[in-house]
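S.K.: mind folding the following:
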Amino acid sequence: MKLIVETLNKPPFSRNYNLISFDSLHDIQLLQVLNDVFTEINPQQASDVRQEDPEQRFKRMFSFLRMLKYKIPTEGGNLSQFRTGLLQGDKHAVYPILQYLLEKLPELKKRAYVARYLVKIEVPPDILVDGEVNDLYNRYIELIEEFKVTHKESEEMKESGLSVSEMKKDILSMDEEKDQLKKRIERVKKRVETVSGKDALLQSTALLRKERDREKTLDEQKHTQRNMLNHAEQKLQRLNIQLQDMKTAGMGITPEGLIKKLEEENQINSYLCQDKIPKEIEGKKKYSATLQKVAYSHAMSNSDLDGLNAKIRDLSAEINSLVEKRMVQGDPIDDKLSVFRQQAAVIANKKSAAAEKMQEFTEELHGVEEELKEKKQQLKESDGVEILKGDDFKRYVNKLRGKSTIYKKKRQELAELRAENGVLSRTEDILKGKDVQTQALLANIEGKYGVSGFHETQEELEKVSTLKSELDEEKGKTLEDISQMVVQLTNTIAEKKSNLAPVIKELRPMRQKCQELSITHEERKSAYDTTMAGLESNMSKLEQEVKAYREESMQEESRYHYIQAMIKIMEGQQKKIADEMKLYVSSDNAERKKSLREQYTQKIHEQENAGKALREKQKSVRDNHAPRIKQVKMWKDLAVIMQCKAACVLKDQNKTSQRSAAGALEEEDRLVLN
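M.R.: Okay, here's the model as predicted:
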């Protein structure tokens, strides 16, 4: 729950939950949080759970979880319980799903993305008979395979650490280098055109390049051979250590211990073969027979169910009467076998539970052994390449990270230098172009004034004069420096010889002593290494033993607490049974309380009487249903007739009122003549 809350508080969810507020969420709110996580993994899962049908929502979430390879309980009872929990938003069903999704969020995003294109559409065989549909389906399968290859290459490119911007920079720098190389090649070609024997020189340089490449490949092969030799030596050391550990582990084993272990295994296997497995097979057969009987039997009506319920009541009453007779005949207080029967039942249950656990552990052991075989096979196929473990692997990863950071820095510096080199080369080309233009302009001016080649001749004379003066100065300085250096060297050599003579005399016995000490050092170092290796192997063995003893003590402690809890539960049940038996045995009917059996029997009778009354009421309702419906219809018809009569009366009244009004008007308009 802590992991779920911390992950939901981080982007991209950014919720402000704490443990209390998250635990107090309602069922529909918890389902909405789960659906939001689904939406983060696959945006197609976005929906409002309040407006969605529960069955449709369960089908959608169930299929999505199966696609994400979530371990859904497939057994009958567990599956129905999981379904109910996911429909109602139960915490016990939703929390494990959230933990699984939030722990593997990036991996599940990738899996959901890939599943959109890799989940094949199931087409019925009768539709695939059509040629066009079959061709389209085959093309669809080919596209899926192409998507797999393309996605794999894309992931490899992403994992290689190369980004698009870096690749663009590299391409630009490579283009610049290509242009520079072309220009350099053109310059070299121009220089080489005047050289005599250029073909022989080119062949010699090609041979030299080939020999250098060959030398480089030989150095790499030598390096790989050395690495393989080191790996082989390390493998030999590991195998020797394993052999030594196996020898030390087999030293304390005796034939009696092996026989005892085999006897225990034999007892366990005999129990599984003779008791547990036959009972399971018998139970499966009975369950199968019951299912077949139900499948082949005809559909049951309400009367059949009533008959079966009556038969069950009769049999339960007969069983209760037989139990009462038995309890009356035999005194339950003196029945000492009941305690032993209970203990035997408890021991049998524990035995079966232990057998199931042992069977699970053996299956897990077989799985681990198969995985170990696969790893060994992979190790053999890797040609003896060392597989780093633990701290060595961590050191290797840290070293690799450091090298990668250094490589990135150097690559960035190289890119900057290349960019600067490109700018400088461009500047140089521009300056050279300007120089050519200037020289051409100067040549035009000289030709105009009739002194062509004056500038070049003047530059050559200045260069020759400066070179001559520099050479003269360098010659004079060189002669003086050489003479001074010779004098200084002779003096220094004489001083060093005089100073080193006593030191050399003292050094001779020290060299002999150093050789003796180096031999002693090598001997003691080898003895130290062997002692250290033995101590490390003993230390690892002792650590394993301590770990095993700690685990055993924890198991025993948990078993002790479990047994104590079971004892308390059994004591409470035994006390309840004793009180129940006292109530059965006590003859004072006035003072004794009702036993649980009597209370439950009374409740059963009350419920049976209530059911009987309800059935009688149902029967009377069913018998009087048709006449009462007829009577209701008659009343409705009578109401319709009365409404019609009332409407007719109102109509007649309206007509009479209109006639009287018309007569009054005629009397008022009449002219009387006297």
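S.K.: packing partners of the longest helix that the chain contains?
M.R.: Counting by DSSP state H, the longest helix found in the chain is helix 454-585. Judged by 3 or more Cβ pairs under 8 Å, 6 or more residues apart in numbering; DSSP states H and E, the packing partners of helix 454-585 are helix 198-249, helix 337-381, helix 390-449. Glycine gets a C-beta too; all of them are placed from N, C-alpha and C.
S.K.: D529: which of these is closest?
M.R.: D529 lies closest to helix 198-249 among those, at 11.5 Å (Cβ to Cβ).
S.K.: helix 337-381 and the closest one, what's the angle between them?
M.R.: Orientation of helix 198-249 against helix 337-381 (axes from the mean of the first three to the mean of the last three Cα atoms, to 10 degrees) gives an angle of 160 degrees.
S.K.: could you report the neighbour count for Y600?
M.R.: Neighbourhood size, Y600 [other Cβ atoms under 10 Å]: 11.
S.K.: ok, now the one 5 residues further on?
M.R.: Other residues within reach of H605, judged by other Cβ under 10 Å, total 10.
S.K.: helices and strands around whichever strand or helix holds it, which ones?
M.R.: Assigned by DSSP states H and E, H605 falls within helix 596-623. Applying 3+ Cβ pairs under 8 Å, 6+ apart, we find helix 596-623 packed against helix 302-329.
S.K.: for the most centrally placed residue in the chain, report the pLDDT, please.
M.R.: Taking Cα atoms, centre = their mean, the centroid of the chain lies closest to K104, which sits 4.5 Å from it. We have a pLDDT of 87 for K104.
S.K.: next one: Q458
M.R.: So, for Q458, pLDDT stands at 66.
S.K.: with L665 instead?
M.R.: 48.
S.K.: E363 too?
M.R.: At E363, pLDDT is 81.
S.K.: on that earlier part again, and the helices and strands packed on helix 454-585 as JSON lines, adding mean neighbour count?
M.R.: JSON lines is the format used below for the helices and strands packed on helix 454-585 (neighbours: other Cβ atoms under 10 Å):
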{"stretch": "helix 198-249", "mean neighbour count": "11"}
{"stretch": "helix 337-381", "mean neighbour count": "11"}
{"stretch": "helix 390-449", "mean neighbour count": "11"}
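S.K.: looking at those helices, which is closest to S24?
M.R.: That would be, of the helices and strands packed on helix 454-585 and by Cβ to Cβ, helix 337-381, which comes in at 37.0 Å.
S.K.: could you list the domains of this protein?
M.R.: 2-119, 161-193, 200-243, 337-372, 388-452, 478-585 (automatic domain parsing).
S.K.: go through the ones you listed and name the closest to K619.
M.R.: Per Cβ to Cβ, nearest to K619 of those: domain 2-119, 36.0 Å.
S.K.: what about that closest one, start to end distance?
M.R.: 35 Å (Cα to Cα, to the nearest Å).
S.K.: any idea how far that domain is from the chain center?
M.R.: When distances are taken as Cα atoms, centre = their mean, to the nearest Å, domain 2-119 is centred 15 Å away from the chain's centroid.
S.K.: with stretch 490-503 instead?
M.R.: Centroid displacement of stretch 490-503 relative to its chain, using Cα atoms, centre = their mean, is 75 Å.
S.K.: in the stretch 1-150 of the chain, where is pLDDT below threshold?
M.R.: Applying pLDDT under 70 to the stretch 1-150 of the chain flags residues 74-77.
S.K.: so which residues of it form helices?
M.R.: 2-9, 19-23, 27-41, 54-67, 76-88, 91-103, 105-118, 125-128, 131-159 (DSSP state H, counting those that start in this stretch).
S.K.: just put those in CSV and tack on mean neighbour count and distance to E420.
M.R.: Shown next, in CSV, are these (neighbours: other Cβ atoms under 10 Å; distance: least, Cβ to Cβ, whole Å):
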stretch, mean neighbour count, distance to E420
helix 2-9, 15, 47
helix 19-23, 13, 56
helix 27-41, 18, 45
helix 54-67, 14, 53
helix 76-88, 14, 63
helix 91-103, 16, 48
helix 105-118, 14, 39
helix 125-128, 9, 64
helix 131-159, 11, 29
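S.K.: need those helices in TSV (columns: distance to L517).
M.R.: Shown next, in TSV, are those (distance: least, Cβ to Cβ, whole Å):
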stretch	distance to L517
helix 2-9	60
helix 19-23	67
helix 27-41	69
helix 54-67	72
helix 76-88	74
helix 91-103	59
helix 105-118	60
helix 125-128	87
helix 131-159	53
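S.K.: need the pLDDT of Q607.
M.R.: So, for Q607, pLDDT stands at 92.
S.K.: and what of V640?
M.R.: Note on V640: pLDDT of 93.
S.K.: I629 versus that one, what's the distance?
M.R.: The gap separating V640 from I629 is 17 Å, by Cβ to Cβ, to the nearest Å.
S.K.: picking that back up, the domains of the chain: which one's closest to S288?
M.R.: Of the domains of the chain, nearest to S288 by Cβ to Cβ is domain 2-119, at 14.2 Å.
S.K.: quick one on the thing from earlier: now render the domains of the chain as a markdown table, adding distance to L308.
M.R.: Below are these laid out as a markdown table (distance: least, Cβ to Cβ, whole Å):
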| stretch | distance to L308 |
| --- | --- |
| domain 2-119 | 23 |
| domain 161-193 | 73 |
| domain 200-243 | 68 |
| domain 337-372 | 30 |
| domain 388-452 | 66 |
| domain 478-585 | 30 |
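S.K.: among the ones you listed, which is nearest H625?
M.R.: Going by Cβ to Cβ, the one of the domains of the chain nearest H625 is domain 2-119, 34.6 Å.
S.K.: so what's the gap between stretch 201-213 and the chain middle?
M.R.: Taking Cα atoms, centre = their mean, the mean C-alpha location of stretch 201-213 is offset from the chain mean by 54 Å.
S.K.: count of neighbours near T520?
M.R.: T520, neighbours per other Cβ under 10 Å, totals 10.
S.K.: before we move on, the earlier item: adding distance to Q32, write the helices and strands packed on helix 454-585 out as CSV.
M.R.: Output for those, formatted as CSV (distance: least, Cβ to Cβ, whole Å):
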stretch, distance to Q32
helix 198-249, 55
helix 337-381, 37
helix 390-449, 40
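S.K.: good, we can wrap up now.
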